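Engineer: sharing a model that was predicted from the sequence below.
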2 protein chains.
Amino acid sequence: MELTLSHFLPYRLNRISEAVSNEMRAIYKQRHGLNRPEWRVLAALADLERSTATEVGAHSTQHKTKVSRAVFALEKRRWLKRQTDPQDRRSEYLTLTDAGRKAYRELAAPLLAREERILARLSDQDRNAVEQALSALETALDITPDGAPPDAPA
Amino acid sequence: MELTLSHFLPYRLNRISEAVSNEMRAIYKQRHGLNRPEWRVLAALADLERSTATEVGAHSTQHKTKVSRAVFALEKRRWLKRQTDPQDRRSEYLTLTDAGRKAYRELAAPLLAREERILARLSDQDRNAVEQALSALETALDITPDGAPPDAPA
DNA sequence: TAATGACAGTCCTTTTTGTAACTAACAACC
DNA sequence: GGTTGTTAGTTACAAAAAGGACTGTCATTA
């Protein structure tokens, strides 16, 4: 029963995650001045096409206040448009504009390239281990690919 | 060339890291009202015994301003003592007091238990994959176990 | 021993985040 | 059709993080 920081799961995860995130942030910050919530909303909307802020939050694992602020920022850039749902006027549908989609594509390419550059330093075996580890942890932590628990526990 | 958030390495890492960290934070926050920098300094000092703020920062991968504030907070609780190095009066040696070591031990147990509880949900194979993945990523990202680059690049 | 540059640690200012309260809209129930 | 409870999204406030500038100390060199 020994706790050494450098062997402690959360510490290691955090350091790795932060290192990777920082590389990415440099890209979307430098090119378009985006912060992470904004980038995530952009990516989420590219994934989801047309959806509400709540859905975007679920899909990108972000609190609704972050989403709200990010949506506002992206709207100001005219990268997305809102449209209140006539059926339920509380919620608004969000869609990327052409400019938004263009910005997303311009960002996706270098971000993926950077991801690939990191993974390229790993052996095939290590890459497999990474995939297996991430999937296993996601399951163990009840984090499904798009943010909802795998099946609702009673 | 497809960027889907749920398959994107930094996103997955971040979500996992955050989920695990949150579980831990609940423990050291609830029991002793610590925040992460404070907990990390405590753990680093438990690892290192007697060392300077700079060393603690390197060992726990934290910016010196965070370390500075955390040291102040822990000092106020009388969990650590400072001692300016007579050889170099810029730096101060930090050591945990008995109370500090006691608090550390009281925290280490439940934190390790929580870590174990998470890992217990994984198969042996998955656990191995996690270990292999973390090590491989640490290497690929030039993050050595205690925060210094593996060997200084020219 | 003055000048330059590096380093340890702190302080101060600006962003970002998290939390909780709030508004508006809906739904269910009586 | 009023009451109660829930949900979508925003706003306002408080806590935390990030970053840079600053102070004091040391080392090097002239």
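Structural biologist: Arrived safely, thanks for sending. Numbers count the residues shown, from 1 in each chain, chains lettered A, B, ... in the order given.
Engineer: could you pull out the strands for chain A?
Structural biologist: Using DSSP state E, the strands of chain A run over A:50-52, A:80-84, A:92-96.
Engineer: buried set for the biggest helix by length in chain A?
Structural biologist: Longest helix of chain A, by residue count under DSSP state H: helix A:9-32. For helix A:9-32, the neighbour count (16 or more other Cβ atoms under 10 Å in any protein chain shown) marks A:9-21, A:23-25, A:27-28, A:32 as buried. C-beta: built from backbone N, CA, C; applies to glycine.
Engineer: next one: it, is it in contact with chain B?
Structural biologist: Yes - against chain B, helix A:9-32 shows contacts by Cβ under 8 Å from any Cβ of the partner chain at A:9-21, A:23-24.
Engineer: quick check: mean pLDDT of stretch A:23-33?
Structural biologist: What stretch A:23-33 shows for mean pLDDT is 93.
Engineer: run through who's touching it.
Structural biologist: A:34-36, A:39, A:103, A:106-107, A:110-111, A:114-115, A:118, B:10 (Cβ atoms under 8 Å, 6 or more residues apart in numbering or on different chains).
Engineer: now with 6 Å, please.
Structural biologist: Residues outside stretch A:23-33 that contact it (Cβ atoms under 6 Å, 6 or more residues apart in numbering or on different chains): A:34, A:39, A:107, A:110, A:111, A:114, B:10.
Engineer: and stretch A:132-144, by the same measure?
Structural biologist: By Cβ under 6 Å, 6+ apart, the list of residues contacting stretch A:132-144 from outside reads A:149-150, B:12, B:15-16, B:19, B:118, B:121-122, B:126, B:129-130, B:133.
Engineer: which residues in chain A form helices?
Structural biologist: Per DSSP H, chain A carries helices over the ranges A:9-32, A:36-48, A:53-60, A:64-76, A:98-119, A:124-140.
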